[in-house]
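Asks: Structure of the sequence below:
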Amino acid sequence: MPLSDASGHARYARAVLETIDIETAPQPRASVIVLHGLGADGNDFVPVAQQLDLRVAGPVRFVFPHAPVMPVTINGGYRMRAWYDILGADLRQRQDEKGLRASLALVEELIAREKERGVAANRIVLAGFSQGCAMALLTGLRHKERLGGIIGMSGYLPLAETTDKERTDANRLTPIFLAHGTMDPVVPVMAAHASHDALRALGYDVEWHEYPMPHSVCMEEIQDMNAWLLKVLA
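Replies: Down below sits the predicted model:
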């Protein structure tokens with residue numbers, strides 16, 4: 001189902017992050033916040049959203065924020081859009097906790113804006129790819145109100161050792177969709193398996209999918225995500 005921009009232009013967050021907002025119909029009562037990966041921006045996942053057909057769920061607003069620009073250590077300090085610094089090839093070691101928590105606050109602002117615009121917390125889905133997946137999991141499990149769901153594509157659970165202590169009771173039953181490529185050279189599928197196992201051990205309802213692809217998104221994944229979104233937004 002093609003999407004139409006409600007205003008004809010990009011809209012901007014009141015606080016910090018610039019966003020692209022697209023509504024499937026006027027007066028949306030559900031929101032999907034999509035967090036892009038390292039070096040990309042909010043435009044990256046607009047074409048993916050255009051492949052989704054959520055008409056049964058009613059009007060939906062897609063929110064595509066642009067991450068801050070910062071130097072990234074693993075890329076020689078080159079400045080690019082990133083949710084946090086990448087300090088080395090092992091993404092679960094030497095994590096940029098300060099950067100992760102700073103971006104958690106930014107994503108919380110996006111959730112707050114959607115609630116101010118009339119969308120209930122349990123009708124908000126946090127989605128993300130790669131670094132965006134990490135941020136969706138980090139924020140969603142710690143948010144103080146029950147969210148509609150969390151989608152993680154080609155990513156991992158950051159600060160896994162603090163999740164049990166910091167997660168909120170409100171989101172213990174939040175459904176999670178995790179998808180990963182078996183040939184991913186950026187975030188190895190074994191890292192995703194470890195994240196999946198950690199979440200299941202904490203009692204989360206995780207729907208797991210893997211596909212024969214690299215660090216990317218495939219049509220089968222989009223179809224599976226579509227079906228899952230229809231369930232959680234029904």
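Asks: And the strands in the protein?
Replies: 19-23, 30-35, 60-65, 69-72, 78-81, 124-129, 149-153, 176-181, 206-211 (DSSP state E).
Asks: Could you pull up the residues touching Arg94?
Replies: Counting by C-beta atoms under 8 Å, 6 or more residues apart in numbering, Arg94 makes contact with 87-88. C-beta here means a position set from N, CA and C on the backbone, and glycine is covered the same way.
Asks: beta partners for Glu207?
Replies: Note on Glu207: beta-bridge partners by DSSP bridges are Phe177.
Asks: Ok, the one 4 residues further on next?
Replies: When assigned by DSSP bridges, Tyr211 has beta-bridge partners Gly181.
Asks: swap in Phe64?
Replies: Ile20.
Asks: what about it, how many neighbours?
Replies: 23 (other C-beta atoms under 10 Å).
Asks: next one: the one 10 residues further on
Replies: Using other C-beta under 10 Å, the number of residues around Ile74 comes to 13.
Asks: Equivalent analysis for Val72, please.
Replies: Neighbours around Val72, by other C-beta under 10 Å: 22.
Asks: and stretch 44-55, which residues are buried?
Replies: 44-45, 48-49, 52, 54 (16 or more other C-beta atoms under 10 Å).
Asks: Next: stretch 190-204.
Replies: For stretch 190-204, a neighbour-count test (16+ other C-beta under 10 Å) marks 191-192, 195-196, 198-199, 204 as buried.
Asks: Let's have those residues in JSON lines, adding distance to Met219 and pLDDT.
Replies: Output for these, formatted as JSON lines (distance: C-beta to C-beta, whole Å; pLDDT from 0 to 100):
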{"residue": "Ala191", "distance to Met219": "24", "pLDDT": "94"}
{"residue": "Ala192", "distance to Met219": "20", "pLDDT": "96"}
{"residue": "Ser195", "distance to Met219": "24", "pLDDT": "97"}
{"residue": "His196", "distance to Met219": "22", "pLDDT": "98"}
{"residue": "Ala198", "distance to Met219": "29", "pLDDT": "97"}
{"residue": "Leu199", "distance to Met219": "26", "pLDDT": "98"}
{"residue": "Tyr204", "distance to Met219": "27", "pLDDT": "97"}
